[in-house]
Structures are given as C-alpha cells and as structure tokens.
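Asker: predicted coordinates and the sequence they were generated for:
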Amino acid sequence: MAKTNDPSAVVLSVGGLVGQEVNLDEFLHQLVDRIAHAMQADRGTLYLVDFSRGELFSRAAHLPELKQIRLKLGQGVAGHVAQQGGVVNIPATKDEQRFNPDIDKLTGYRTSSLLAVPLVDAQGTIFGVLQVLNRLGGGIFEREDEQRLQDISAQVSQALQATSLYTELLRAKEAPQQPVSYFFNKVIGESAPMKAIYKTIQKAAQTDATVLLRGESGTGKELFARAVHVNSRRRTKPFVKVDCAALPGSLIENELFGHEKGAFTGAEARQPGKFEVASGGTVFIDELGELPMPVQGKLLRVLQDREFERVGGTQTVQVDVRIVAATHRDLAQMVREGKFREDLYYRIKVVELGLPSLRARGPEDVERLARHFIAQATKRHHLAREPHLSLEALERLKAWHWPGNVRELENCVESAVVLCEGEVLAEHLPLPEAGKSLTTSATLTTPKDAPVSTLADVERRHILGVLDRAKGNRTQAAKWLDIGRNTLARKLKEYGLGEE
Ligand SMILES: Nc1ncnc2c1ncn2[C@@H]1O[C@H](COP(=O)(O)OP(=O)(O)OP(=O)(O)O)[C@@H](O)[C@H]1O
Ligand SMILES: [Mg+2]
C-alpha cells in the first residue's frame, strides 16, 4: 500500500507535542496515534528499553493495551530490533520465526504484517522501538514505508531525548546491573560439555576478548555468538553479522570496511561498513575460514589497533567493536597449508570454544532439545495443543547420529509436529527406518579398504539422498541441507537434473 501522507507532517506534529509535554501519557498516546495514521497501519506501538533488566516494554499503543507487554531484548520482533538495530519488515508473521505469537494472545490481536525500527539517541544507543502492524486481512508494508518509518523514528528519537522519560531510562542504564544470564533460558542442554561452555561464555562476555567458536554445522555457533553479545556490556548496542561464505570474496572487504565515494564504478556515495555500523557493539564474522588473504591482514589491524581505512580511502577510521568469529574449518590446518595467516589465527582465538556435536552431547540432551523444539513448533504453527512425544519416536531420535546436529533435530521435530495428529510417532519423523542407513550415514564412514570417494561424489550422493527423503520436495530438501533453494537448483543442474 503506497502512502500519500508526508512524514514531515507527523514529525511537525510530534515537535508541536513536545513543546506542550504536560501529560506524558497523553503525549505518547497521541504520538503513536499519529504515527499509525501516517503509516496507514492498523496499529502502532512505542516500546522503550528497560536497561536495568535488559528488557523492552510497551510504553504507548495506538489502541490501548490490555496489559503492558514486556520482552527480553532479542525476543520477538521488537526485542530483536532493540538488540540489533536495523529495520525489520515482515510481510507475513506466520512465516517468521522471530515473531512471537504470545503477544497476540496477550492483546487479542491477530497480526499479519509488521514493520519495526529502532529509536536511537545521539550517542548511538538504542533506547526503544517503533512498531506498526496490520491485522489479518490487512496490507503489507513496502520499501518506501521502511524509509518513512525510519524518518519518523529519527524525529521521534530526537523529540523523546528532550523528555524526562528519556533521562529516567538512561539513569537505569548507568545504575549497576545485575549479571545477566537470561539468554541461557533459550539454550537447551545440560550435558557436561554444554555446562562448561556456558561458564566460559559468561566469563568471556564480561570482557572484550575476541572469541572463536568452532563446531560442525548446526551445533549452535551463531546462537552462542549472540550469547556472548547479550551477556556483555555491549548488549544495548548492535550485534552485526557478516557471513564470509555468503559473499563473494571480492565483496567481503567492502562489507566489513565500507567504501569511500568513487572507490569503484558505482560507488556514488561513501558507505560505512559493518564495523562502523556495529560501533560500540559486536561484529560476528561467520565462516571466518572463507576470509580472503588480503582482507585477513586488514582484520588483523582492526584486532591489534582497532582501526582501518574504508575501501578507496586514506582516512583512518577508529572503531570500538568486539569481534566474535565462527568456523567449521580446521584453521590450524589452514595455517599449515598457508591459507590462513598465523598471526591472525593467534589473535582471534583469545577465547576458543569448540562446540560439541549433538552425538557427543548424549541422548539426554537430544531428548531435552526434542521436547523444547516440539513446544516451539506448537507455538509457531499456532496448534491448539502440544503433541505428545511417543516412546518409540523418542527412541528413534536418541538412536540417530544427527550429522546436521541441532539444526537437523529442530527441522526433523518441526516437520513431525506439523504432520502428526496429537502424537509424534516414529513414522512422522523424517528419518530412515530403523536398521536401514540413510545416505548420510553411509557416506560418512569409509571402510579402510573401500575405494575413496571424492568430496563432490559424497556431496552429490548426500544431496540426492536428502532429496529422496524429502520425496522430491526441493524447498524441504534445501531446508534440511541448510542451503538456499537456488544453490540446490544449481547443484541439481550440475548433476543433469534440470528444473522440476
Ligand atoms: N543448545 C541449543 N539450544 C536450543 N537451540 C539450539 C541450541 N543449539 C543450536 N540451536 C538451534 O539450532 C539451530 C542451528 O544453530 P546455529 O545456527 O547457531 O548453528 P551454527 O553452528 O551456526 O550452524 P552452521 O555452521 O550451519 O551455520 C538454530 O535454530 C539454533 O537456535
Ligand atoms: Mg551459522
């Protein structure tokens, strides 16, 4: 839905309201009312950060709330924006993991689309979130709406900083804070190796030490990278992720360090990189092993001297960021092969954490995680009742060797919850029948005297096996494999299996 209203009109009226801040509640209520109206949204909410508790609370809503909403930072869409900044535009809440349906239950509202932006003060601290939403049957927010709400948010942030409310919020921020471990509510696992990891992460989080997370795919590297951030003093500043495997090598430098105007054809304006965007917060460098050699040198300088130059620039930029990196590769081996700088390797692994595979965590953790994911899928799919986990299904889960680790378990359980009727039976689990080995297990072990398969061969067999298990459904197979649908299509094409 294209809007015709001019955002500056809202802004002007906001300015006018600040001047007559007689009754704060009335002021905020009118503010949100005007924002929802200007955005042609069904509803608007202003959230503020409670720095003393690491939470976000609804301070004013376009339609009166029954109850005040409180969220942990990082929880739900608004909590996510409060923690990480950036614009989040969700056209369909039913397809969105970050959307927390509990809030709808609390307000009795059926949200279908949603747009949220942070409120940021002059020091760059996120102190609130502006959110507008449409109910079921309403429209979606478009690109231009994102810019519009950001413009409004900039003006609102400025206006709010002049109020006593803002001063109060900040006072709580300066007050000594309770050590926070709330993030670990979301992390399941009580096996000995996991307990050791929680301890190290909580200790490391109190410092600015660089952390290197190692582990197979799906072991929770990203989850724990966030845990480091959320448990650190940087929690109210951005957490910014750069995935080196998702970007061509030539673009990684630009992504991390930004560029100056005219640095290359098409660079029409200076653009800050992720290090600048994350100022005061944490940069999570995922798949560090894919970082090209020349960029490794530049990263080393950031680690040593906290400074760099933008691509095509000569001016030195100082940064205050904490770096957390992750890789599934053996970096020590890469150093020996001359593919990874030794000096960077030592600089980055100040705190090194090897996340255990799910196999190594034992059957109790598999059970805990399975029950957790059943509850999560029940919520996500708005099921009236949580399905019961049958003994046989539980045994099957415990017996499987989980090559895709926690992510594979999460997907397996979610698909069973969706398919089952009240009870998750073994037959609902997308796992090979007991006794038969799936392509995955067959390809993972190579008997000593068997001819050695090439990696490409193993990959092809694995992909085809998974596709088979997904009964030819490419979207499902791509999800299980944790690759994009386009990547899967490209690979299938290479194997001579064109479009469906
Ligand atoms: N201990 C845990 N408790 C609850 N959920 C977990 C746990 N570990 C991982 N998960 C969930 O499993 C999924 C995969 O985790 P994550 O993305 O952090 O893995 P990863 O190691 O980064 O994988 P990859 O190398 O494939 O990127 C996520 O949905 C995450 O929330
Ligand atoms: Mg990851």
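Answerer: Okay, I see it. Ligands and ions are numbered 1, 2, ... in the order given.

Asker: my guess is residue 284 contacts residue 241. True?
Answerer: Yes: assessed by CB atoms under 8 Å, residue 284 is found in contact with residue 241 at 4.5 Å. Where you see a C-beta, it was placed from the backbone N, CA and C, and this is true even at glycine.

Asker: for residue 274, give me its contacts.
Answerer: 240, 242, 255, 256, 258, 283 (CB atoms under 8 Å, 6 or more residues apart in numbering).

Asker: could you report the pLDDT at it?
Answerer: Looking at residue 274, its pLDDT reads 95.

Asker: one more: residue 26?
Answerer: 77.

Asker: which of the helices or strands spans it?
Answerer: helix 24-38 (DSSP states H and E).

Asker: so who does whichever residue of the chain sits closest to ligand 1 touch?
Answerer: Nearest residue of the chain to ligand 1, counting by CB to the nearest ligand atom: residue 220, 2.9 Å away. For residue 220, the contact set (CB under 8 Å, 6+ apart) comprises 187, 355, 405, 406.

Asker: who has more neighbours, residue 284 and residue 241?
Answerer: residue 284 (26 against 18; other CB atoms under 10 Å).

Asker: show me the beta-bridge partners of the more buried one.
Answerer: Counting by DSSP bridges, residue 284 forms beta bridges with residue 241, residue 324.

Asker: ok, it - contacts?
Answerer: Contacts of residue 284 by CB under 8 Å, 6+ apart are 222, 225, 226, 229, 239, 240, 241, 242, 324, 325, 326.

Asker: okay, these in CSV with pLDDT and distance to residue 193 next?
Answerer: Formatted as CSV, the contacts of residue 284 follow (pLDDT from 0 to 100; distance: CB to CB, whole Å):
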residue, pLDDT, distance to residue 193
222, 93, 18
225, 94, 18
226, 90, 19
229, 90, 22
239, 92, 25
240, 94, 29
241, 95, 25
242, 95, 28
324, 98, 19
325, 98, 20
326, 97, 17
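
Asker: who wins on neighbours among those?
Answerer: In those, the most neighbours by other CB under 10 Å go to residue 324, 32 neighbours.

Asker: is it correct that it is in contact with residue 213?
Answerer: Yes: the criterion here is CB under 8 Å, and residue 324 meets it with residue 213 at 6.9 Å.

Asker: overlap in contacts, those two.
Answerer: By CB under 8 Å, 6+ apart, the residues touching both residue 324 and residue 213 are residue 225.

Asker: quick check: residue 206 vs residue 289, distance?
Answerer: Distance of residue 206 to residue 289, computed by CB to CB, to the nearest Å: 28 Å.

Asker: same deal with residue 301?
Answerer: Residue 301 is 19 Å from residue 289, by CB to CB.

Asker: more neighbours: which of the two?
Answerer: Higher neighbour count among residue 301 and residue 289: residue 289, with 18 against 14, using other CB under 10 Å.

Asker: quick check: closest non-adjacent residue to the more buried one.
Answerer: Leaving out its chain neighbours, the residue that sits closest to residue 289 by CB to CB, 6 or more residues apart in numbering is residue 329, at 3.5 Å.

Asker: got the phi and psi for the one you found?
Answerer: Per-residue torsions, residue 329: phi -90, psi 160 (degrees, to the nearest 10).

Asker: how many residues are close by it?
Answerer: By other CB under 10 Å, neighbour count at residue 329 equals 14.

Asker: 51 is where my numbering starts, stick with that
Answerer: Let's use 51 as the start, then, which means that last one is residue 379.

Asker: which SSE is immediately downstream of the lowest-mean-pLDDT helix or strand in the chain?
Answerer: Ranked by mean pLDDT, DSSP states H and E, the weakest helix or strand in the chain is helix 489-494, scoring a mean of 39. Note on helix 489-494: by DSSP H and E, the next helix or strand toward the C-terminus is helix 505-519.

Asker: burial check on the closest residue to residue 405 other than its chain neighbours, number of neighbours?
Answerer: Leaving aside its chain neighbours, residue 405 sits nearest to residue 265 (3.3 Å; criterion: CB to CB, 6+ apart). Using other CB under 10 Å, residue 265 is surrounded by 20 other residues.

Asker: cool, and residue 457?
Answerer: Neighbours around residue 457, by other CB under 10 Å: 18.

Asker: how about the host helix or strand of it, does it reach ligand 1?
Answerer: Element membership of residue 457, judged by DSSP H and E, is helix 455-469. Yes: residues of helix 455-469 contacting ligand 1 under CB under 6 Å from any ligand atom: 456, 457, 460.
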